[in-house]
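Asker: below is the sequence, then the predicted model.
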Amino acid sequence: MQAVILAAGIGKRLKPITDTIPKCLVPVNGKPMLINTLELLESRGIKEVMIVVGYLKEKVYEVVGHSFGKIKISYIENDIYDKTNNVYSLWLARDRLNKDTILLECDLYYGADLIDKLLDSKQECKVLVSKFEPFMRGTVVEIGPNNVIKRLITTEEQHPGFNFSDKYKTINIYYFSGAFLQQYLVPNLDLYVKTYGTSSYYEVVLGALIYLRKPEIHATIADAIKWFEIDDENDLHKAEYYFASQEERLKMISRLHGGYWRYDFTDFCYLFNLYFPSEALLSELESFLPVLVNNYPSGMDTIVHLASRAMNIPADKLVVGNGASELIRLLNVHYVKKISIPIPTFNEYENMLEPARINYFDTEPNNFVLEPEAYVESVKKSGSNAALIINPNNPTSLLEPKDKMRCILDSLKHIEFVIVDESFIDFVGQDRIAISVEDLLDEYPNLILIRSLSKEFGVPGIRIGYIASSNERFVKQMHKHCPIWSINSIAEIFLEILPRYRSDYINSLELIRRDRDNLYEAISQVPYLKVYKPTANFIFAQVQGGMTSETLKEKLFLDYNLLIKDCSNKTGLEDKNYIRISVRKPIDNEQLIKALLDIAKEC
């Protein structure tokens, strides 16, 4: 048996990495893809490998040479690699396709179990495939009885609306018997190149043979085996994650601020409603997508009227932004001279502010409950022109009652801004009027109400937040500070259709509160956690019993693939071993509880 590796291409989508090395030598966690393939082939007894080279071929000669362990290496040169495609590279090897052959492409990273899967199946002509996933691109196949491939569909044939649900992605690793190569593939490959030229893919020839059904070509399904096709730098980053140790994975994830959907762990870190938007709302949103992506969103005047209808707040009181974080940033840049911040808090309010512009008020000595008189006194002594209250608080999930909020507002009428962030208010479960300061806007012109729709409405990906204030001058100024298109067109249509799904939203909140209360009761039984009774969609706890919050986070990720928030990066909580756990659906929450109790047995 021999192997043929196609490695002639430039790898344009991997530039600038491929400016100095060919695509096959691009490293994944330090190991070039070609070297990984050769190591695996050698470990499985392959002793003869042909490599079709082209772009920067001298680099391959330098790194690989003419032997690799027990493998004899030979080369076939494609000198017109920049004008041809892989059908030509394979055609160049046609005279040597005279024995059983593994055919591989160079832009793959995988483990030995993938080669084992290929070799273990007994068919003479087989294609490694994996169930199609949304992140995949390229040729797919349809499979019939006995895993016989019925149809091969190239990218060009995958028209808009193409149904991928029953398709399998080709991994671009094949096994062909010498007889099949000599009798079928090589003659048809030769005919195709001479008839249609060199700018296509060898899959077209395979597709024709599959269509003729003689001989049968079988799919070897490798769903449970890790592999990654690397076409661009984003693919490379994902491959480095998937093939890293669990310790390295945690380091990679800890450097990110989102994009977790790309990875395969369960996220108990970020906070949003998993029961909303409903399927009906998403379906309607999807129907608008072709129009939305080809059109600019509306300006602020239209957006605030849509938000007014959706949030039931007068339009002249509203400023809508690209998430609450954008609006917080604008406040810090244009209005905050010095701000009093009860800690712990949401880090975004501290960003861009040098220490001299922040007055911290520590709530931990009072069990994280805000003491109004002491806070007001701290604000006055510090000379702050702004005071912040997050209610319910992030990360503590504690709610300050409305009478206390009114007391603070009365006492701070003299300062320019009292900023109240109510991004989690709907999770509390009480009548909004009884707990929100929204109805106090007219009474307190210095009251700035901020709300992120990401958390409660489950739409962090489309970025919507708003400020409400009765200060007409401030609102008009904020409109000027916002970009001309403050939110995207998808977020705009979401605001437009949201009122029709109010009942779905209310139902989703009830489900979240049910799951939160169940999770709280269960976590309260974990012996090494001191748990605070939550009012939002997350739970705050202190790790005790000799274990640190960092250790617990590591254990949950390394051993159970679960990610929680270690609050050690919060001002005031450094080295105090607090964690925050978001509420997910019951199946995930049960998995977390089991992991926490398993860890308790180790303590």
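Answerer: It's in.

Asker: make it CA atoms for all contacts and neighbour counts henceforth
Answerer: Will do.

Asker: map the structural domains onto the sequence of this structure.
Answerer: Residue ranges for the domains of the chain, per automatic domain parsing: 2-238, 256-273+505-602, 279-503.

Asker: now the end-to-end length of the first one.
Answerer: This means domain 2-238. By CA to CA, to the nearest Å, the extent of domain 2-238 from end to end equals 30 Å.

Asker: the longest helix in the protein is where?
Answerer: With secondary structure taken from DSSP state H, the chain has its longest helix at helix 502-523.

Asker: pull out the buried positions in that helix.
Answerer: 504-505, 508-513, 515-520, 522-523 (16 or more other CA atoms under 10 Å).

Asker: likewise for stretch 478-496?
Answerer: The neighbour-count check on stretch 478-496 (16+ other CA under 10 Å) flags 478-479, 482, 486-496 as buried.

Asker: next, the distance between the ends of it.
Answerer: By CA to CA, the extent of stretch 478-496 from end to end equals 22 Å.

Asker: turn the buried residues of stretch 478-496 into JSON lines, columns for pLDDT and distance to Gln542.
Answerer: Compiled in JSON lines, the buried residues of stretch 478-496 are given as follows (pLDDT from 0 to 100; distance: CA to CA, whole Å):
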{"residue": "Met478", "pLDDT": "97", "distance to Gln542": "39"}
{"residue": "His479", "pLDDT": "96", "distance to Gln542": "41"}
{"residue": "Cys482", "pLDDT": "95", "distance to Gln542": "39"}
{"residue": "Ser486", "pLDDT": "89", "distance to Gln542": "39"}
{"residue": "Ile487", "pLDDT": "93", "distance to Gln542": "38"}
{"residue": "Asn488", "pLDDT": "94", "distance to Gln542": "39"}
{"residue": "Ser489", "pLDDT": "96", "distance to Gln542": "42"}
{"residue": "Ile490", "pLDDT": "96", "distance to Gln542": "39"}
{"residue": "Ala491", "pLDDT": "96", "distance to Gln542": "37"}
{"residue": "Glu492", "pLDDT": "97", "distance to Gln542": "40"}
{"residue": "Ile493", "pLDDT": "97", "distance to Gln542": "41"}
{"residue": "Phe494", "pLDDT": "97", "distance to Gln542": "38"}
{"residue": "Leu495", "pLDDT": "97", "distance to Gln542": "38"}
{"residue": "Glu496", "pLDDT": "97", "distance to Gln542": "42"}
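
Asker: any chance you could map the helices in the stretch 251-400 of the chain?
Answerer: Secondary structure of the stretch 251-400 of the chain (DSSP state H, counting those that start in this stretch): helices located at 279-292, 300-311, 324-334, 372-382.

Asker: now the first one: average pLDDT?
Answerer: What that stands for is helix 279-292. Taken as a whole, helix 279-292 has an average pLDDT of 95.

Asker: what's in contact with it?
Answerer: The contact list for helix 279-292 (CA atoms under 8 Å, 6 or more residues apart in numbering) reads 489-490, 493-494, 497-498, 501.

Asker: and for Arg357, the neighbour number?
Answerer: Counted with other CA atoms under 10 Å, residues neighbouring Arg357 total 19.

Asker: ok, it - contacts?
Answerer: Taking CA under 8 Å, 6+ apart, we find Arg357 in contact with 337-339.

Asker: for the helices of the stretch 251-400 of the chain, which one sits closest to Glu438?
Answerer: Ranking those by proximity to Glu438 (CA to CA) places helix 300-311 first, at 10.7 Å.

Asker: list the contacts of the closest one.
Answerer: 313-316, 318-320, 479, 484-486, 492, 495-496, 498-499.

Asker: orientation of it relative to helix 502-523 in degrees?
Answerer: Put simply, helix 300-311 runs at 70 degrees to helix 502-523, going by axes from the mean of the first three to the mean of the last three CA atoms, to 10 degrees.

Asker: quick check: buried residues in helix 300-311?
Answerer: 300, 303-308, 310-311.

Asker: ok, stretch 227-243 next?
Answerer: When burial is assessed from 16+ other CA under 10 Å, stretch 227-243 yields the following buried residues: 227-231, 235-236, 238-243.

Asker: among those, which two are most distant?
Answerer: Asp231 and Phe243 (16.3 Å).

Asker: related to what we said a few turns ago, secondary structure and distance to Glu602 added to the buried residues of stretch 478-496, as a markdown table?
Answerer: Output for the buried residues of stretch 478-496, formatted as a markdown table (DSSP: H, G, I helix; E, B strand; the rest coil; distance: CA to CA, whole Å):
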| residue | secondary structure | distance to Glu602 |
| --- | --- | --- |
| Met478 | helix | 54 |
| His479 | helix | 56 |
| Cys482 | coil | 53 |
| Ser486 | coil | 51 |
| Ile487 | coil | 49 |
| Asn488 | coil | 49 |
| Ser489 | helix | 51 |
| Ile490 | helix | 48 |
| Ala491 | helix | 47 |
| Glu492 | helix | 50 |
| Ile493 | helix | 51 |
| Phe494 | helix | 47 |
| Leu495 | helix | 49 |
| Glu496 | helix | 52 |
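
Asker: from the residues you listed, pick the one nearest Gln430.
Answerer: Checking those against Gln430 with CA to CA, the nearest one is Leu495 at 23.9 Å.
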